[in-house]
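this is the structure alone, sequence omitted:
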């Protein structure tokens, strides 16, 4: 049994993730492997934790990377906090809120879903009644809903959740690194993310952070955490000073995350957020110029995940196939309720740069122009360039 | 917050894993990332499955790589097969059997442990009584117990397990690629492994295989699998022809596994097993010449994981630190009951080569010679070379 030589095509990754990987991160991936208890690797783990704390804006001791992708981070957060019979409220306005509810049900929790239409966000008022009625142990919410591009504000939500005595669990898979995520200031109790969005790193690790209140809750459990692999108490002994062997950490993926975090902190977090915002504004201006609207409600549109409505009469598959085959550009199609109706254009991490915005808009104009003459004007590029020129941020 | 440049030291990895990575695999890791639904990546997944089937010697359709390390593979195997209240028998003669029992208990199973002293293996007779009494749904056993170096034969065990109507679940984390693993011929129902042992690949993925009987058992479950991330029914839709998005696969780690499997199949599985055996014989001859014995029972010693007794009066930490600091060689210390009493010397995958055997033995002779003049003779190297010379396999 033989397989052909590994020769991946060169792609411009502008979908919902994985996003374009920074060249320094790809280089780091292939560095020589050391053992998971090697003094050098233990130092890497310490520095990873420090850089993750700075990224999450937290002092939380228990800040580390789960050895799995973002969904493993979600599962780690949920199954450590919840015991069978516990009550959880999950805010669902897209695919990933729905996934969190599923994960919680599998952990034996009594789950109450609060729903908003896809593309909209939650207000504190949406939660007050259910919090009063259910008195949940945990409230879960997605900060950047990757299926709709909606940007959920968290500060006021955090207030009502804590007023009701619950823990706040936040999905920051797509938001982390692209917009402000203030774990301590917003009193987020547990948060998880993934490496393959705004961190310019391949998929494979899930940065997470648990505050003391969350750890106390875990400490007070009556039953063992259902997952041995994701048990935070066991992981704390490996990531902490005891260095008790748990599982063999994914060494080279940790190198990649390490380098990705160095790249972000070199640029500076605020500068990184501003870059995401600037490129988003240019993309949005370009799309607006050719009549393409956003799916998420105005004022709550994510800069790194631009979910936009496919213009009437345009062939979804033809455009996405053309982008991939003729330009090497990957964008995402719609998920669930948005299937066939929405494109998801990522401007994440290293991918959030003018070169990608202009390449995408010009390629899109060419492809749409072949289907409909209205799109042959070059208006998108003109508007994007005007946006960059006028952008003083 | 900044961390220093990523500059891992060069290591010779002769511990219990991670093992030495093949240079072609390190190179593959850093190739350009594509999307997890990219046509190229879907082809890589198909070829990965084909190469894994050849490696496991199986026709099982549901053969793939779990997006986590070997322990995630263990958890995937256990939690898919077992529902709360189900009965499982776990054979425990070292750390990893104990871990499997823990994972099964967390899944709500009624677990019966059958024990053998560390370093010994199980015979079918050890199981007959308990199988009769407990009538378990699943029997779990570790083929290569990494904590003791014991090599568990499986054919006769498989017979009694199936005679009792149970499913056979096998841990092949350390064995796969280093010794024969015959999934179909031995009627193994579920098996899992890891990338960081005899596959010459960094840690991060867990190859697994489920046969039709196991899939039928999963299909007949009354409750959902407790883990969404590891739910084989959901994963089947992504790895199968439907390509339903589940989680974002770890693209670059998959590249590494792909290249690692190409390397193995180029050499040929039988040749690869023979190479492991040949280098093990030379190492064993060398160690015997200076009076160092194996911890596992004679006739059941693994070629890739040489657990040997630390000679009386020798300072464990001093030798391992000397190996690492002066020669860059990592070996493993003892776990659990073997802590301070045993060294674990890995000859795994790319690491199973004469250069590593000779380097380790000569470095060991130098370090032991500094503690005790008996070890200054060069006898280990002489015996290892004689073994290679006389080895006609």
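On my side now, so go ahead. In this text the structure is predicted, and so the values were computed from the model without any measurement.

tell me where chain A has strands.
A:12-13, A:62-66, A:87-92, A:110-115, A:138-142, A:144-145, A:150-151, A:167-171, A:190-192, A:206-210, A:305-309, A:329-330, A:342-346 (DSSP state E).

scan chain A for its longest helix.
helix A:269-289 (DSSP state H).

may I see the buried residues of that one?
Under the neighbour-count criterion of 16 or more other CB atoms under 10 Å in any protein chain shown, helix A:269-289 has A:269, A:272-273, A:275-289 buried. Quick note: C-beta positions are derived from backbone N, CA and C, even for glycine.

any chance of the strands of chain A in CSV, plus distance to residue B:371 and mean neighbour count?
Output for those, formatted as CSV (distance: least, CB to CB, whole Å; neighbours: other CB atoms under 10 Å in any protein chain shown):
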stretch, distance to residue B:371, mean neighbour count
strand A:12-13, 55, 23
strand A:62-66, 38, 24
strand A:87-92, 58, 24
strand A:110-115, 61, 18
strand A:138-142, 56, 28
strand A:144-145, 59, 30
strand A:150-151, 64, 26
strand A:167-171, 54, 26
strand A:190-192, 49, 28
strand A:206-210, 44, 28
strand A:305-309, 61, 25
strand A:329-330, 59, 22
strand A:342-346, 59, 27
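
out of these, nearest to chain B?
When the strands of chain A are compared for distance to chain B using CB to the nearest CB, the nearest one is strand A:329-330, at 4.7 Å.

sheet partners, orientation included, of the closest one?
Strand pairing for strand A:329-330, determined by DSSP bridges: strand A:12-13 (parallel).

my guess is residue A:71 meets residue B:250, correct?
No - judged on CB atoms under 8 Å, residue A:71 makes no contact with residue B:250 at a distance of 11.5 Å.

and the longest helix of chain A, what does it pack onto?
Contact partners of helix A:269-289 among helices and strands, from 3 or more CB pairs under 8 Å, 6 or more residues apart in numbering or on different chains; DSSP states H and E: strand A:305-309, helix A:354-371, helix A:379-390.

tell me the pLDDT of residue A:90.
pLDDT recorded at residue A:90 is 98.

please disregard the earlier target; I meant residue A:193.
pLDDT, residue A:193: 98.

over to the one 10 residues further on?
At residue A:203, the model reports a pLDDT of 97.

so it sits against residue B:249, correct?
Yes - assessed by CB under 8 Å, residue A:203 is found in contact with residue B:249 at 6.6 Å.

any shared contact partners between those two?
Taking CB atoms under 8 Å, 6 or more residues apart in numbering or on different chains as the criterion, residue A:203 and residue B:249 both touch A:69, B:36.

buried residues, stretch A:46-61. List them.
A:47-58, A:60-61.

kindly report the same for stretch A:255-273.
Of all the residues in stretch A:255-273, those buried under the rule 16+ other CB under 10 Å are A:255-265, A:269, A:272-273.

chain center to that stretch, what's the gap?
Chain-centre distance of stretch A:255-273: 15 Å, with CA atoms, centre = their mean, to the nearest Å.

quick one: mean pLDDT for it?
Averaged across stretch A:255-273, pLDDT comes to 98.

likewise stretch A:318-338?
Across stretch A:318-338, the average pLDDT comes to 96.

for it, measure first residue to last.
Distance across stretch A:318-338, first residue to last, is 17 Å (CA to CA, to the nearest Å).

what's that stretch in contact with?
A:9-16, A:94-95, A:98, A:118, A:147-148, A:295, A:307, A:310, A:316, A:339-346, A:359-360, A:363-364, A:367-368, A:371, B:34-35, B:38-39, B:245.

in that stretch, what's buried?
Going by 16+ other CB under 10 Å, stretch A:318-338 has these buried residues: A:319-320, A:322-324, A:327, A:329-335, A:338.

which of these fall within helices?
A:319-320, A:322-324, A:327.

and which of the residues you listed is nearest residue A:350?
Checking these against residue A:350 with CB to CB, the nearest one is residue A:327 at 17.9 Å.

roughly how far does residue A:361 sit from residue A:333?
From residue A:361 across to residue A:333, the span is 19 Å (CB to CB, to the nearest Å).

what do you get for residue A:297?
To residue A:333, residue A:297 is 21 Å away according to CB to CB.

before we move on, what about residue A:45?
Computed as CB to CB, the residue A:45 to residue A:333 distance reads 38 Å.

again with residue A:16
In terms of CB to CB, residue A:16 sits 9 Å off from residue A:333.

please apply the same query to residue A:212.
Relative to residue A:333, and taking CB to CB, residue A:212 is found at 42 Å.

just residue A:339 next, same as before
Taking CB to CB, one finds residue A:339 at 7 Å from residue A:333.

who in the stretch 251-393 of chain A is up against chain B?
Residues of the stretch 251-393 of chain A lying close to chain B (CB under 8 Å from any CB of the partner chain) are A:251-253, A:255-256, A:258-259, A:261-262, A:265-266, A:324, A:330, A:335.

farthest pair in the residues you listed?
Farthest-apart pair in these is A:266 and A:335; separation 33.9 Å (CB to CB).

hang on, residue A:161 packs against residue A:139?
Yes - Residue A:161 lies in contact with residue A:139 (CB under 8 Å); the separation is 4.6 Å.

residue A:222: neighbouring residues, count only.
For residue A:222, the neighbour count with other CB atoms under 10 Å in any protein chain shown is 7.

from residue A:138, how far off is the closest residue to it other than its chain neighbours?
Once flanking residues are discounted, residue A:222 sits nearest to residue A:83: 6.3 Å by CB to CB, 6 or more residues apart in numbering or on different chains. As judged by CB to CB, residue A:83 and residue A:138 stand 11 Å apart.

show me how far the longest helix of chain A is from its chain's centre.
Centroid separation for helix A:269-289 versus its chain: 17 Å, with CA atoms, centre = their mean.

now do stretch A:75-88
Centroid separation between stretch A:75-88 and its chain, computed with CA atoms, centre = their mean, is 21 Å.

flag every buried residue along it.
Judged by neighbour count using 16+ other CB under 10 Å, the buried positions of stretch A:75-88 are A:75-83, A:86-88.

how much space between residue A:370 and residue B:134?
For residue A:370 relative to residue B:134 (CB to CB), the value is 68 Å.

what is the burial count for the residue nearest to residue A:84 when sequence neighbours are not counted?
Closest residue in space to residue A:84, ignoring its immediate chain neighbours: residue A:108 at 3.1 Å, by CB to CB, 6+ apart. A count of neighbours around residue A:108, defined by other CB under 10 Å, yields 19.

do you know the pLDDT at residue A:108?
Listed pLDDT for residue A:108 reads 97.

low-confidence bits of the stretch 1-150 of chain A, can you list those?
A:1 (pLDDT under 70).

please report the distance of residue A:379 from residue A:385.
From residue A:379 over to residue A:385 the distance is 11 Å, taken as CB to CB.

ok, residue A:163 next?
48 Å.

can you pick out the residue with more neighbours from those two?
Between residue A:163 and residue A:385, counting by other CB under 10 Å, residue A:385 is the more crowded of the two (17 against 11).
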